[in-house]
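# kindly return the folded structure for what I paste below:
(one chain, ligands or ions: 2)
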Amino acid sequence: MTARVQYLSSSLFTTLREAPADAETSSHRLLLRAGYVRRAAAGIFSWLPLGKRVLDNVARVVREEMDAIGGQEVLLPALLPREPFDVSGRHGEYGELLFRLKDRKGGDYLLGPTHEEIFTQLVKDQCTSYRDLPLILYQVQTKYRDEARPRSGVLRGREFQMKDSYSFDTDEEGLAAAYRLHREAYIRIFERLGLDHRIVSAVSGAMGGSASEEFLAPAAAGEDTFAHCPACGYAANTEAVTVPVEPRGPGLAHPPAEVLDTPDTPTIDALAARLGVAPSATLKNLLVRVDGEITAVGVPGDREVDLGKLAEHLAPASVEVVTAEDFAGRPDLVRGYIGPQGRAGTAFRYLADPRVAPGTAWITGANERDRHARNVVCGRDFEVDRYLDVAVVEPGDPCPSCGEGLCLDRAIEIGHIFRLGRRFTDIFRVDVLGREGKPVRVTMGSYGIGISRAVAALAEQTADERGLCWPREVAPADVHIVAAGRAVQTELARDIAERLGAAGLGVLVDDRAEASPGVKFADADLIGVPTILVVGRGAAAGRVELKDRRTGTREELDIDSAIARLTGRPARLEPGGEFEEHLAVRAAAGGEVAQP
Ligand code: ATP
Ligand code: MG
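Ligands and ions are numbered 1, 2, ... in the order given. From the prediction side, this is the model:
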């Protein structure tokens, strides 16, 4: 961080006692209250001076680590022509997420949600030979997505900052190396930022498991759920958890299927209660439209269908739950009494969870009002067109890797690394001349980090009941000086600030004349700079107080010792480093510790 002294008396700075009622997450409330961001419109934010510094600090760490793996920084436009997105098909696929606009001549444009198309075109234009590769290009840029529910502040903006990078290689080994470099760089980035994170596989087996991994920051406010196994360390986005399936016999041992009268049992609970069976003995058949076509999805009755997982499996096809109108035109589809067997078997495609294995017997709808069928055997009475992992993962479900019970936790997705392969280079026909003189199709990776989201994720993970509490690497300043008193204290505070600033530290000085010491102390805690220096009553005797924001430990010293303490070390003190250890030792000793 460059040395700076910022005086609150002359800064664009106001704290709020209460956050607006519509601020739903604690990071959003605190960033608003502490004067880091202001809302301009739903999901669109202005970054005020303190917030801008944290944002820049996150971006600086990301840039340093991207540079360290040989990434070259570029800046592509955010306002993009529609044409490349038509070529890739994503103009349509993105649906309502895309901000589309027209220029004065009626030409079609969009605000970039991510930049695979544009980088692919750039490399096609610029690179002709294998000697031009490998390449890692990155940018830190504003992205636009018209998110459906932008209610958690900068965690999910409609305008947000992303670091996106793209690797270009001529062979699989090159792509694997670029992927590994990114994975390692991301680990270093999140460690330096002080973000607790987990790496989880993001897509299921179909793409080879390691094709895509997400970096998740565990936090209650997270919109993602991930499963992890305490026994073997397996971790995956719940959408990527695969269900181990036990092979079953052909099911000949089951008695023949039989239809039962079950009046008023359109729900699993009503059915299970009437028949006196566990919901897991029944088969739940959810009707959806896949690209418009009616499709049934079968899961055991005690399970829910994970629509996100289903959409992921079927992408780019659209998946919608059926509506009352869909039933109106289809007397063969009896709402609440659907079954995959018999005549209805031809009425819709049947997708099923692997638990609906060949040889398993079920109680399911008989395709007639108020009637169900039992001993309906998979493979004998109905066929499954395609097996998909579509059930919501529950805590205690077996770990796909060791079989022990899984745990589920909430998290924020802060990064995503993806082996794209030739998906985009095939579409845009990106070839370079290979070593043997023949054209070689380029292979690609794409890698994102949510810069603005990381600020909020850090706030979520580190804040306490008094306010924000930044790790040193990202804090808006190294030291927050509180002038708790009259002119003398304010003069002295400014003097200390200049000395610390000259020594290379970032300093925030609360020299506001109108604010009481109580307000200033509360604001210092709310703002969350790691070290607070109080110039108070002891000032006349040349003494000040150092307070560690995180641990709350305090120490009174004379001014020169305090300055030496803060400047005698690198401007960025490591979290848990010497100074904090010193304070911790003092706290443990319950008294004064000898000056170093
Ligand atoms: P999500 O599932 O949260 O919508 P995504 O899968 O759409 O994320 P990517 O397209 O992989 O995200 O984008 C790369 C990174 O950009 C994400 O890992 C995340 O950190 C960040 N990001 C994505 N959408 C937003 C947003 N609306 N606001 C802030 N950051 C975002
Ligand atoms: Mg998204």
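
# and the helices in the stretch 251-400 of the chain?
268-275, 307-314, 324-328 (DSSP state H, counting those that start in this stretch).

# pick the most buried one from the ones you listed.
Of all the helices of the stretch 251-400 of the chain, helix 307-314 has the most neighbours on average by mean count of other Cβ atoms under 10 Å, namely a mean of 19. For glycine as for every other residue, the C-beta is placed from the backbone atoms N, C-alpha and C.

# so who does the residue of the stretch 351-500 of the chain at minimum distance from ligand 1 touch?
Using Cβ to the nearest ligand atom, the single residue of the stretch 351-500 of the chain nearest to ligand 1 is G450, 2.4 Å away. Contact partners of G450, counting by Cβ atoms under 8 Å, 6 or more residues apart in numbering, are F160, Q161, M162, E413, I414, G415, A457.

# could you do Q139 as well?
E73, V74, L75, L76, H115, K163, D164, S165.

# ok, G445 next?
Shown in contact with G445 (Cβ under 8 Å, 6+ apart): Y166, S167, L175, A178, Y179, H182, I417, F418, R419, L420.

# still on that earlier bit, what's opposite the residue of the stretch 351-500 of the chain closest to ligand 1 in the beta bridge?
As for beta bridges, G450 partners with M162 under DSSP bridges.

# tell me how far it lies from F215.
Distance, G450 to F215, using Cβ to Cβ, to the nearest Å: 10 Å.

# before we move on, back to that, got the helices of the stretch 251-400 of the chain as CSV, with distance to ligand 1 and mean pLDDT columns?
Output for the helices of the stretch 251-400 of the chain, formatted as CSV (distance: least, Cβ to the nearest ligand atom, whole Å; pLDDT from 0 to 100):
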stretch, distance to ligand 1, mean pLDDT
helix 268-275, 30, 92
helix 307-314, 9, 84
helix 324-328, 28, 84
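
# need the per-residue pLDDT for the residue in the stretch 201-350 of the chain that ligand 1 sits nearest to.
Per Cβ to the nearest ligand atom, E223 is where the stretch 201-350 of the chain lies closest to ligand 1, at 6.2 Å. Each residue has a pLDDT score; the one for E223 is 91.

# neighbours of it, how many?
E223 sits with 14 neighbouring residues when counted by other Cβ atoms under 10 Å.

# swap in D548?
Other residues near D548 number 18, with proximity taken as other Cβ under 10 Å.

# ok, which stretches of the stretch 101-250 of the chain are helices?
For the stretch 101-250 of the chain, the helices defined by DSSP H, counting those that start in this stretch occupy 116-126, 172-193.

# need the ones you listed in TSV with distance to ligand 1, can you?
Below are the helices of the stretch 101-250 of the chain laid out as TSV (distance: least, Cβ to the nearest ligand atom, whole Å):
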stretch	distance to ligand 1
helix 116-126	10
helix 172-193	10
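
# any idea which of those gets closest to K284?
The minimum distance between K284 and the helices of the stretch 101-250 of the chain falls on helix 116-126, with 37.7 Å, by Cβ to Cβ.

# report the backbone C-alpha coordinates of the closest one in PDB.
Taking Å, rounded to 0.1, in the frame of the first residue of the first chain, the C-alpha atoms of helix 116-126 are listed here in PDB:
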ATOM      1  CA  GLU A 116     -14.500 -15.800 -23.700                       C
ATOM      2  CA  GLU A 117     -15.700 -14.800 -27.100                       C
ATOM      3  CA  ILE A 118     -13.700 -11.500 -27.300                       C
ATOM      4  CA  PHE A 119     -10.500 -13.100 -26.000                       C
ATOM      5  CA  THR A 120     -10.800 -16.000 -28.400                       C
ATOM      6  CA  GLN A 121     -11.200 -13.500 -31.300                       C
ATOM      7  CA  LEU A 122      -8.200 -11.500 -30.100                       C
ATOM      8  CA  VAL A 123      -6.000 -14.500 -30.000                       C
ATOM      9  CA  LYS A 124      -7.300 -15.600 -33.500                       C
ATOM     10  CA  ASP A 125      -6.300 -12.200 -34.800                       C
ATOM     11  CA  GLN A 126      -2.900 -11.900 -33.100                       C
END
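
# which elements pack onto it?
Counting contacts by 3 or more Cβ pairs under 8 Å, 6 or more residues apart in numbering; DSSP states H and E, helix 116-126 packs against helix 83-88, strand 135-144, strand 159-169, helix 423-427, strand 443-450.

# tell me how far the second one lies from the chain's centre.
Put simply, strand 135-144 sits 17 Å off its chain's centre (Cα atoms, centre = their mean, to the nearest Å).

# please apply the same query to the fourth one.
The chain centre lies 26 Å from the centre of helix 423-427; the measure is Cα atoms, centre = their mean.

# and the next helix or strand after it, average pLDDT?
Remark: after helix 423-427, the chain's next helix or strand is strand 431-433, criterion DSSP states H and E. The pLDDT scores in strand 431-433 average 98.

# same question for stretch 387-407: list its buried residues.
For stretch 387-407, a neighbour-count test (16 or more other Cβ atoms under 10 Å) marks Y387, L388, D389, V390, A391, V392, V393, D397, C399, P400, L406 as buried.

# end to end on it, go ahead and measure it.
Here the two ends of stretch 387-407 are set 24 Å apart, with distance taken as Cα to Cα, to the nearest Å.

# and if you look at stretch 428-442?
10 Å.

# and the residue of the stretch 101-250 of the chain that's closest to ligand 1?
Closest approach between the stretch 101-250 of the chain and ligand 1, counting by Cβ to the nearest ligand atom: F160, at 3.6 Å.

# what does the stretch 451-596 of the chain put close to ligand 1?
With Cβ under 6 Å from any ligand atom as the criterion, the stretch 451-596 of the chain meets ligand 1 at residues S452, R453.

# all strands of the stretch 451-596 of the chain, in order?
479-483, 506-510, 531-535, 543-548, 554-558 (DSSP state E, counting those that start in this stretch).

# cool, and the stretch 301-450 of the chain?
Assigned by DSSP E, counting those that start in this stretch, the strands in the stretch 301-450 of the chain fall at 319-321, 349-352, 361-368, 371-377, 386-387, 407-421, 431-433, 439-441, 443-450.

# now do the stretch 151-300 of the chain
159-169, 198-201, 212-218, 224-228, 235-237, 258-261, 283-290, 293-300.

# least reliable of those by average pLDDT, please.
Among the strands of the stretch 151-300 of the chain, strand 235-237 has the lowest mean pLDDT, at a mean of 88.

# tell me if that strand is near ligand 1.
No: Strand 235-237 does not reach ligand 1 (Cβ under 6 Å from any ligand atom); its nearest approach is 9.4 Å.

# just checking, what packs against that strand?
Contacts defined by 3+ Cβ pairs under 8 Å, 6+ apart place strand 235-237 against strand 198-201, strand 224-228.

# show me the contacts for the nearest residue to L111 once chain neighbours are set aside.
Closest residue to L111 apart from its sequence neighbours, by Cβ to Cβ, 6 or more residues apart in numbering: Y144 at 3.5 Å. When contacts are counted by Cβ under 8 Å, 6+ apart, Y144 touches A78, F99, L111, G112, P113, R158, E159.

# try 10 Å
By Cβ atoms under 10 Å, 6 or more residues apart in numbering, the residues touching Y144 are 43-44, 78-80, 97-99, 110-114, 157-160.

# of these, buried ones?
Here, 16+ other Cβ under 10 Å leaves 43, 78, 80, 98-99, 110-114, 157-160 buried among the contacts of Y144.

# so what's the residue sitting nearest the centre point of the chain scoring on pLDDT?
Taking Cα atoms, centre = their mean, the centroid of the chain lies closest to E413, which sits 1.4 Å from it. E413 carries a pLDDT value of 96.

# what's across from it in the sheet?
In this entry, E413 is beta-bridged to L216, by DSSP bridges.

# quick revisit: so of the helices and strands packed on helix 116-126, which one's packed in deepest?
Highest mean neighbour count among the helices and strands packed on helix 116-126 (mean count of other Cβ under 10 Å): strand 443-450, with a mean of 25.
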